[in-house]
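Q: Generate coordinates for the sequence data below:
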Amino acid sequence: MGTILFRSARRAQKTAVSSLRGKYTPPPDKSITHRALFLAALAKGTSQIKNPLATGDCLSTLNALQKLGVSIRKGRGIWTVKGKGGLQSNSRRTIDCGNSGTTIRLLTGILSSQGVEAVLSGDSSLKKRPMKRVIEPLRKMGAKITAHKDNFAPIRIHKDSSLRGITWGSPIASAQVKTALLLAGLSASGKTTVIEPAKSRDHTERMLKGLGVKVGVEGNRVTVTGGAALKGFNISVPGDFSSASFFIVAALIVPGSHLILRNVNLNPTRTGLLTVLKKMGAKIKVLRISNKDFEPVGDLDVRHSMLKGTRVSGAQIPLLIDEIPILAVAASQARGKTIVKGALELRVKESDRIAAIVSELKKMGANIKERLDGFTVTGPSSLRGAPADSRGDHRMAMALAVAGLVAAGKTKIKDFSCTRVSYPGFVNDLASLLHPKPR
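A: Below is the predicted model:
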């Protein structure tokens, strides 16, 4: 097995690999933490968010809401939000959304419906991500929004907006676009309907229903009616499946590995990777599942497996869009050909993830070819350690770390500190599961 050396501006940690064994609980779910904060801010009364993800992206949402007049107290493992039923006008200072696409897109929808003037921006990576997909339908609802080149941050939301519900056929399946429009629709007149080409993650619909909002769901069509009033609530955030996915794949491809993953969010709109991996021959068992605070949560038993190639496309893509980089790593160790297509959305994530994963895995000896909307991997490949570049993308950094586990020699990953936006404890959690543990 290989040795991986994570490099950041502050530290380097060397980890020698044998196998992974033990029990693992992933960090709290990022998507649910974001949504809980936004809905608590829009509610009247006090809400408690237990087990929130207190990392870069979610803190961007928290800080933005505080600037918009929301009282949020950060206790140990509990955030208490005192909502006033809406957001307040703030000074003309720009609200920094950091690296978080969820923060800027959902806030654009909410502020457009609240009559709040604000400018939203973020870091250099966020400023490259497309925003017209949210701006265009909000304008059709009556919002007055301007943006750099009409598509990029900074985004200015103008105060004199009065929204009306529309029916919007989204050209892409995007939970961020859908949620931005649904949250805007809560304060708009009439009904707001979003129709997607394929079903995206449905945390927003589940939470709204749980809070008493009438939500119509028919296949890929979701409708809310304006005028809904939210009350304070309590929620406990389950473990993040996307974070768990790196450990699932690590256990599958590192010989002798056996992990029990606890308290994992098993929402079927998030677990497309499980379906694909099982089709590839993965030994994964669901040990327990129950509904908790609007979401199905359970435990997984994962063992080293001999994988085979498969095809991933169409409606499968939105259900595993964030897990495609780690799927590429699994495919590099699978027998035969794996084809991923229809994933053009990966071109406009924190990095161009198609170009990035193909380039970096090629450096390590993988037989992988780039497609316009995905890639083809032929395996299994004997990976070798190499200098790898995360490109400032947290999911790329962690996927490359898992590849390094099965690569011969040393793998050095540049700018691993970018993982702080979603999973700053990744290195320590990985080290704690190595068998035997590193000296």
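Q: can I assume V215 is in contact with T223?
A: Yes: using Cβ atoms under 8 Å, V215 is in contact with T223, at 7.1 Å. (Glycine included, C-beta is placed from N, CA and C.)
Q: what residues are up against N263?
A: 25-26, 238-239, 297, 299 (Cβ atoms under 8 Å, 6 or more residues apart in numbering).
Q: quick one, helices of the stretch 1-150 of the chain?
A: 30-42, 56-67, 101-114, 132-140 (DSSP state H, counting those that start in this stretch).
Q: Now do the second one against helix 30-42, angle only.
A: Right, helix 56-67. Relative orientation of helix 56-67 versus helix 30-42 (axes from the mean of the first three to the mean of the last three Cα atoms, to 10 degrees): 10 degrees.
Q: before we move on, back to that, which one of the contacts of N263 sits closest to R201?
A: P238 (13.5 Å; Cβ to Cβ).
Q: burial count for the closest one?
A: Applying other Cβ atoms under 10 Å, we find 24 residues neighbouring P238.
Q: ok, the residue lying closest to G314 once chain neighbours are set aside - how many residues close by?
A: Nearest residue to G314, sequence neighbours excluded (Cβ to Cβ, 6 or more residues apart in numbering): G342, at 5.8 Å. Other residues near G342 number 16, with proximity taken as other Cβ under 10 Å.
Q: swap in D373?
A: 16.
Q: wait, what's in contact with it?
A: 341-344, 354.
Q: do you know how far it is from L320?
A: 15 Å (Cβ to Cβ, to the nearest Å).
Q: Likewise for Y24?
A: Counting by Cβ to Cβ, the gap from Y24 to L320 is 20 Å.
Q: who's I260 bridged to?
A: Beta bridges link I260 to K23, D301, judged by DSSP bridges.
Q: you'd agree it is up against K23?
A: Yes: I260 lies in contact with K23 (Cβ under 8 Å); the separation is 4.6 Å.
Q: of those two, who's got more company?
A: Summary of the neighbour comparison: I260 and K23, criterion other Cβ under 10 Å, with I260 having more neighbours (16 against 11).
Q: residues contacting the more buried one?
A: 22-24, 287, 299-302.
Q: Just the local confidence number for it, please.
A: I260 is assigned a predicted lDDT (pLDDT) of 98.
Q: Any chance of the contacts of N263 in CSV with distance to A282 and pLDDT as columns?
A: Converted to CSV, those look like this (distance: Cβ to Cβ, whole Å; pLDDT from 0 to 100):
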residue, distance to A282, pLDDT
T25, 20, 97
P26, 17, 97
P238, 22, 97
G239, 19, 97
V297, 20, 97
D299, 16, 98
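Q: List only those of these flagged as buried.
A: Neighbour counting over the contacts of N263 (16 or more other Cβ atoms under 10 Å) leaves 26, 238-239, 297, 299 as the buried ones.
Q: rewinding a little: out of the contacts of D373, flag the one nearest to K82.
A: Lowest distance from K82 to the contacts of D373 (Cβ to Cβ) belongs to A343, with 40.9 Å.
Q: so how far is H394 from the closest residue to that closest one other than its chain neighbours?
A: Nearest residue to A343 in three dimensions, chain neighbours excluded: G374, at 4.6 Å (Cβ to Cβ, 6+ apart). Distance of G374 to H394, computed by Cβ to Cβ: 21 Å.
Q: Comparing these two, which shows the higher neighbour count?
A: Set G374 next to H394 and count neighbours by other Cβ under 10 Å: H394 wins out with 26 against 23.
Q: Pretty sure E350 is one of the things that one touches, is it not?
A: Yes: proximity of H394 to E350 meets the contact threshold set by Cβ under 8 Å, at 6.9 Å.
Q: got the end-to-end distance for stretch 44-57?
A: 25 Å (Cα to Cα, to the nearest Å).
Q: same question but for stretch 157-173, I mixed them up
A: The first and final residues of stretch 157-173 sit 24 Å from each other (Cα to Cα).
Q: Likewise for stretch 267-275?
A: Per Cα to Cα, the first residue of stretch 267-275 is 12 Å away from its last.
Q: sorry, back to before: please narrow the buried ones among the contacts of N263 to those residing in helices.
A: For the buried ones among the contacts of N263, not one is inside helices, with DSSP state H as the criterion.
Q: Could you provide the residues you listed in JSON lines, with additional columns for distance to G75?
A: Output for the buried ones among the contacts of N263, formatted as JSON lines (distance: Cβ to Cβ, whole Å):
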{"residue": "P26", "distance to G75": "22"}
{"residue": "P238", "distance to G75": "19"}
{"residue": "G239", "distance to G75": "20"}
{"residue": "V297", "distance to G75": "22"}
{"residue": "D299", "distance to G75": "27"}
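Q: Which members of these are positioned in strands?
A: Members of these lying in strands (criterion: DSSP state E): 297, 299.
Q: so which of the buried ones among the contacts of N263 comes closest to V276?
A: Ranked by distance to V276 (Cβ to Cβ), the buried ones among the contacts of N263 are led by P26 at 18.8 Å.
Q: correct me, but L65 touches I72?
A: Yes: the criterion here is Cβ under 8 Å, and L65 meets it with I72 at 6.4 Å.
Q: Next, show the common contact partners of these two.
A: Counting by Cβ under 8 Å, 6+ apart, the common neighbours of L65 and I72 are 37, 81.
Q: What is the most widely separated pair among the contacts of I260?
A: G22 and L287 (14.9 Å).
Q: In the chain, what helix or strand scores lowest on average pLDDT?
A: In the chain, no helix or strand scores lower on mean pLDDT, DSSP states H and E than strand 12-16, which sits at a mean of 53.
Q: just for this structure, where's the confidence low?
A: Regions of the chain meeting the criterion pLDDT under 70 cover residues 1-17, 89-92, 161, 436-439.
Q: who's in contact with F247?
A: Counting by Cβ under 8 Å, 6+ apart, F247 has contacts 20, 24, 26, 259, 261, 302, 429-430, 433.
Q: Same list, those residues, but as JSON lines with distance to L252 please.
A: Converted to JSON lines, the contacts of F247 look like this (distance: Cβ to Cβ, whole Å):
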{"residue": "L20", "distance to L252": "10"}
{"residue": "Y24", "distance to L252": "14"}
{"residue": "P26", "distance to L252": "16"}
{"residue": "L259", "distance to L252": "9"}
{"residue": "L261", "distance to L252": "12"}
{"residue": "V302", "distance to L252": "6"}
{"residue": "D429", "distance to L252": "17"}
{"residue": "L430", "distance to L252": "15"}
{"residue": "L433", "distance to L252": "14"}
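Q: residues in contact with the residue nearest to V213 when sequence neighbours are not counted?
A: Excluding the flanking residues, the one nearest V213 by Cβ to Cβ, 6+ apart is A228, at 4.6 Å. Neighbouring residues of A228 by Cβ under 8 Å, 6+ apart: 186, 208, 212-214.
Q: In those residues, find the pair that's most separated.
A: Top of the distance list for those (Cβ to Cβ): L186 and G212, 12.0 Å.
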